[in-house]
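Q: return atomic coordinates for the entry below.
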Amino acid sequence: MAGTLARECARHETTAFTSCEMLDACAAAGDLRRATQWCRVAEEFAARYGSPYLYVRCRVLYGAVLVRAGELARAEAELRAALEAADGAGPLWRAQVLAALAEVRLARGGLEEAEVLVERCAGHPAAAAAAAGVRLARGDAAGAAAVLERRCGPAVGRPADGMVSVAGSAAVPALALLVRARLDLGDVAGAAAAAACMEAGGEATLAAGRVALAAGDVAGAVDALERAVSRFVLDEDPLQAARARVELARALVSSRPQAAVAAARAALACLDAAGAGPDADAAAALLRALGVAGRTGPRGLGVLSEREQQVLRLVGLGLSNAEIAERLHISPKTASHHVSHVLTKLGVRNRAAAAAHAEAQRPVG
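A: Numbering: from 1, shown residues only. Presented below is the predicted three-dimensional model:
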């Protein structure tokens, strides 16, 4: 790799492909330091020789490393930079960028933008996980399962004409979502079948823990989820470790409530710090159900998604739900949901209190 980028290779396409293989390895290993170094060098090569393919793929892979490191805001910035250059890299990589950006926006609570991004790459195999994630966030588990079964059908023993066969590590994200979708539908056997097809690792262990808990095997769930947390910590994947801790807390509620509180608190701290709004909200809700304050100290704008911050500002200006909907180009029903979520997250009872909160958060000067 070093020799290739130092111009010891005369063929530029060889340089581009070698660079991408190196960045692929960094992404798989979650090696943020090395990925940062090679991304910078590869970017210089792309600027010198005009390789939009290398520039875009570099950014997508670096974004994946940043997500794994819990750096969601930085990952989004990298992917937005990639999107600006994606037209020159071809339709495949444009779809990859759109799908990756949709997944990051979804993780940060930007459901509506994620939906728009998915629509822009609809039908592309790369968009399956993002499309399913949007449907799950909307409460459409059946729709999510349908999308994922078209993508993963042969891998879970349900072959059908036109399905795309996936295997190994490439199948893991889609299969992990399929496990969640089937569990939401009450299809424990189907979820177990999907989990059994996953390549060994933290994701497979997390999926097995979810299935065990849904099947009523609490001891098996706790064992699997504790192993999943340990694996994600070892892999330096803090977001997935936090998500596994939320599931572990759920498994510990009845037998070891104090341990459940500790696991949920650790998860919430990590998820809040990463800006993973929906997952942080789930951890906070679990803590409230356990009779513990989900978040301590004054609630700031950091607990709100970007869209919810926009809604709060408009509430502070005295706009009605209908007026907010018109201003943000969303439906009145969606505006109402956003206002309700804002009140809940801020711990206030009415719009007047939310407006007062918005005024208190307004920068001085």
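
Q: shaky segments in the stretch 151-300 of the chain?
A: 153-170, 294-300 (pLDDT under 70).

Q: now the strands for it?
A: Shown for the stretch 151-300 of the chain, no strands are assigned by DSSP state E, counting those that start in this stretch.

Q: how many neighbours does Val253 have?
A: Number of residues near Val253 (other CB atoms under 10 Å) recorded here: 16. In this view, the C-beta of every residue, glycine as well, is placed from N, C-alpha and C.

Q: can you list the weak-confidence ranges in the stretch 1-150 of the chain?
A: 1-20, 23-24, 26-33, 35-55, 88-89.

Q: next, Gly123: phi, psi?
A: phi 90, psi -10 (degrees, to the nearest 10).

Q: mind checking how far it is from Pro91?
A: Gly123 is 11 Å from Pro91, where distance means CB to CB, to the nearest Å.

Q: now Ala85
A: Applying CB to CB to Ala85 and Pro91 gives a distance of 14 Å.

Q: of these two, who's got more company?
A: Ala85 (17 against 11).

Q: which helix or which strand is home to that one?
A: helix 72-85 (DSSP states H and E).

Q: give me the contacts around that helix.
A: Helix 72-85 is contacted by residues 52, 55-56, 59-60, 62-64, 66-67, 94, 97-98, 100-101, 104-105, 107-108, 239, 274-276 when judged by CB atoms under 8 Å, 6 or more residues apart in numbering.

Q: which residue ranges make up each domain of this protein?
A: Per automatic domain parsing, the structural domains of the chain span 1-123, 139-199, 222-293, 306-361.

Q: so for this structure, the centremost residue is which one?
A: With distances taken as CA atoms, centre = their mean, Ala107 lies nearest the centre of the chain, 3.6 Å away.

Q: how many neighbours does the closest residue to that residue other than its chain neighbours have?
A: Using CB to CB, 6 or more residues apart in numbering and skipping the chain neighbours, the partner closest in space to Ala107 is Ala276 (5.3 Å). By the other CB under 10 Å criterion, the neighbourhood of Ala276 contains 26 residues.

Q: so what's Ala276 up against?
A: Per CB under 8 Å, 6+ apart, neighbours of Ala276: 72, 107-108, 239, 242.

Q: please narrow those to those residing in helices.
A: 72, 107, 239, 242 (DSSP state H).

Q: and the residues you listed, which are buried?
A: 72, 107, 239, 242 (16 or more other CB atoms under 10 Å).

Q: want to throw those into JSON lines with distance to Val342?
A: JSON lines is the format used below for those (distance: CB to CB, whole Å):
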{"residue": "Leu72", "distance to Val342": "21"}
{"residue": "Ala107", "distance to Val342": "19"}
{"residue": "Leu239", "distance to Val342": "24"}
{"residue": "Ala242", "distance to Val342": "23"}
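
Q: which of the residues you listed sits closest to Ala251?
A: Ala242 (15.2 Å; CB to CB).

Q: what's the spacing between the closest one and Val179?
A: Taken as CB to CB, the span from Ala242 to Val179 is 18 Å.

Q: same check on Val65?
A: In terms of CB to CB, Val65 sits 24 Å off from Val179.

Q: same question for Arg307.
A: 28 Å.

Q: those two: who's more crowded?
A: Just comparing Arg307 and Val179: by other CB under 10 Å the higher neighbour count belongs to Val179, 30 against 20.

Q: isn't Ala114 right up against Leu98?
A: No - with contact defined as CB atoms under 8 Å, Ala114 does not reach Leu98; the gap is 10.1 Å.

Q: quick one, what contacts the residue nearest to the centre of the chain?
A: 67, 72, 239, 276, 278-279.

Q: and of the residues you listed, the nearest to Val222?
A: Asp279 (20.1 Å).

Q: okay, the nearest residue to that closest one once chain neighbours are set aside and Gln309: tell me how far apart.
A: Among residues not flanking Asp279 along the chain, Leu271 sits closest, at 4.7 Å (CB to CB, 6+ apart). According to CB to CB, Leu271 and Gln309 sit 18 Å apart.

Q: with neighbour numbers in mind, choose between the two.
A: Between Leu271 and Gln309, counted using other CB under 10 Å, Leu271 has the larger neighbour count: 26 against 17.
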